[in-house]
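>>> sequence? don't have it. structure:
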């Protein structure tokens, strides 16, 4: 049976050798196709191949079902992380400190769940968002900081500490007037100077609550930038703690991809592209590239709504432009790397 490569599924078996348009032999007859094999065929410009249909296609459905079960299993831990941060935030608001034991009570079982997840894009998409931006944002930054540290090769213990620090990074916002935190318009220069103090407040609150100095340092430094353009002290990358640089990447991704009072959330691949741009001088290049490299494959198979209103599925990331993939709609294939007039409005499970 001859099919277009974008219709291939893992488990399909080639019924004939596959050749590119230029006659290059790409894959041998009889090869049972994996997702990597399918991407290889696309990369080499193979349009159609002869296959024996997969006899184990229910396994693909099973994998999706298992993924959804894992997400449902993890959701209570996400809720607990949001509720726990709210409790610590309100305690710090009234007393200037929080119960440090709560952090490990929340983070340890959450990280145990995170270890089971491979598709982090699905995990991000399943996070419920409501008006409590600061609480959800802190939980998300803690999760992403843990993953980025893991992807950079830090030990399990160090990755946990990075996630823990990321979780607490915005605790100082409890000392910022609600009128500024919830202001729908742009802050004035004077208001922004007040807002920037949340980094110092966070440092002091954590130091008063815990003997662990690293989360306090991350709270202080997560808005510093490699080129010295950040705050509160405008230090450069050699002076910024590695976990602060990791949290900065997680913080920017989360902030841009969530609804805020003054900004609607942005589509995830657009955010990834912005992070890529910021990795040239602003954010840690290593942390940003590790994040992008591990996240991008997770977008394959995700459903989208295009700016045309059409619904489709991402079937391939383009080597020439990772952030504008090939999308399969009901009627056609849309290569966003060449169709600059079309974009993705929304990505969902």
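Arrived safely. What you see is a predicted model; the values in this text were computed from it and never measured.
>>> for the helix or strand where residue 246 lies, what is the average pLDDT?
Per DSSP states H and E: residue 246 is located in helix 242-257. Here helix 242-257 scores 97 as its mean pLDDT.
>>> Pull out the buried positions in that helix.
242-257 (16 or more other Cβ atoms under 10 Å). Every C-beta, even on glycine, is put in place using the N, C-alpha and C of the backbone.
>>> Next: stretch 311-319.
So for stretch 311-319, counting by 16+ other Cβ under 10 Å, buried means 312, 313, 314, 315, 316, 317, 318.
>>> Pull the contacting residues for the first one.
Under the criterion of Cβ atoms under 8 Å, 6 or more residues apart in numbering, the contact partners of residue 312 comprise 303, 304, 306, 327, 328, 329, 330, 334.
>>> Which members of the residues you listed occur in strands, if any?
Residues of the contacts of residue 312 located in strands (DSSP state E): 303, 304, 306, 327, 328, 329, 334.
>>> Was I right to think the fourth one contacts residue 318?
No - contact status for residue 327 versus residue 318: not in contact, 10.7 Å apart, counting by Cβ atoms under 8 Å.
>>> and for these two, which residues touch both?
335, 336.
>>> circling back to that earlier point, would you list the buried residues of stretch 311-319 in TSV and tack on pLDDT?
As requested, the buried residues of stretch 311-319 are exported to TSV (pLDDT from 0 to 100):
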residue	pLDDT
312	95
313	94
314	94
315	91
316	89
317	86
318	83
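>>> Next step: those restricted to strands.
Reading strands off the buried residues of stretch 311-319 with DSSP E, I get 312, 313, 314, 315, 316, 317, 318.
>>> Identify, from the residues you listed, the entry nearest to residue 237.
residue 317 (29.0 Å; Cβ to Cβ).
>>> That closest one contacts residue 302, correct?
No - between residue 317 and residue 302 there is no contact under Cβ under 8 Å: 11.1 Å.
>>> where in the stretch 151-300 of the chain is pLDDT low?
Applying pLDDT under 70 to the stretch 151-300 of the chain flags the ranges 261.
>>> about what we covered before: any of the ones in strands among the contacts of residue 312 buried? List them.
304, 306, 327, 328, 334.
>>> Distance of residue 126 relative to residue 245?
27 Å (Cβ to Cβ, to the nearest Å).
>>> Run through the helices of this structure in chain order.
In the chain, the helices defined using DSSP state H lie at 35-43, 58-95, 101-114, 120-125, 133-151, 156-168, 178-181, 189-196, 198-209, 213-221, 242-257, 268-278, 285-295.
>>> Dump those into JSON lines; add distance to residue 6 as well.
Formatted as JSON lines, the helices of the chain follow (distance: least, Cβ to Cβ, whole Å):
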{"stretch": "helix 35-43", "distance to residue 6": "7"}
{"stretch": "helix 58-95", "distance to residue 6": "15"}
{"stretch": "helix 101-114", "distance to residue 6": "32"}
{"stretch": "helix 120-125", "distance to residue 6": "20"}
{"stretch": "helix 133-151", "distance to residue 6": "29"}
{"stretch": "helix 156-168", "distance to residue 6": "36"}
{"stretch": "helix 178-181", "distance to residue 6": "46"}
{"stretch": "helix 189-196", "distance to residue 6": "47"}
{"stretch": "helix 198-209", "distance to residue 6": "47"}
{"stretch": "helix 213-221", "distance to residue 6": "43"}
{"stretch": "helix 242-257", "distance to residue 6": "27"}
{"stretch": "helix 268-278", "distance to residue 6": "18"}
{"stretch": "helix 285-295", "distance to residue 6": "22"}
